[in-house]
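**Q** curious how this folds, go ahead:
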Amino acid sequence: MKASIKNLIASNPSGLLELKPALTIDEYRDNYGFGLEKTFTIYESKRSHHSRKDWFAFSNTLETLFKVQEESNGDLLVTYIVETMKDGHIYCNLILTDQAFKELRETQHVLKVYQMFTQFWEDHIALNLKKAS
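**A** You can find the predicted model right below:
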């Protein structure tokens, strides 16, 4: 069975799905982030990484960090969550299109990027979707 995010893309034409309500910078700091589960960090901005340098797990630029896939060949599909900062608030979105990520990079500061399987014994998107952290 193929894993797919085509239904999410169709119902979110902006290419983004808000996973958590926005937090102020102080709320984000006090909560130690959004409390995401079953994710792996692949990028951290120098504004949040302890080294004070941009950190990448695999790539060396945000432009080549990932490519969104709508469907997998098997039952595992990697999806991407991005935390961004703009006007004193931190936002947490599931990226559904490459164009949406490009537009975020142009209008907001990307703090962190995570990768996550859509399924792995349970629905990880639903696990992280807007529940209290």
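
**Q** helix, strand or coil for Phe101?
**A** Classification of Phe101 using DSSP: H, G, I helix; E, B strand; the rest coil returns helix.

**Q** sorry, that was for Tyr28
**A** Assigned with three-state DSSP, Tyr28 falls in the helix class.

**Q** dump the residue contacts of it.
**A** 34, 90 (C-beta atoms under 8 Å, 6 or more residues apart in numbering). All C-beta atoms are positioned from the backbone trio N, CA, C, and that covers glycine.

**Q** one more: Gly74?
**A** Residues near Gly74 by C-beta under 8 Å, 6+ apart: 2-3.

**Q** need phi/psi at it.
**A** Taking degrees, to the nearest 10, you get phi -120, psi -150 for the backbone angles of Gly74.

**Q** swap in Asp98?
**A** Asp98 adopts backbone torsions of phi -60, psi -40, taken as degrees, to the nearest 10.

**Q** residue ranges in the chain under the pLDDT threshold?
**A** Scanning the chain for pLDDT under 70 picks out 1, 119-125, 127, 129-133.

**Q** let's go with 80 and repeat that
**A** 1-3, 59, 74-76, 118-133 (pLDDT under 80).

**Q** just want the most central residue of it.
**A** Nearest to the geometric centre of the chain sits Ile81, at 1.0 Å (C-alpha atoms, centre = their mean).

**Q** please give the element, helix or strand, for that residue.
**A** strand 78-86 (DSSP states H and E).

**Q** in the helix or strand following that strand, what's buried?
**A** Following strand 78-86 in sequence order, the next helix or strand is strand 89-95 (DSSP H and E). By neighbour count on 16 or more other C-beta atoms under 10 Å, the buried set for strand 89-95 is 90-95.
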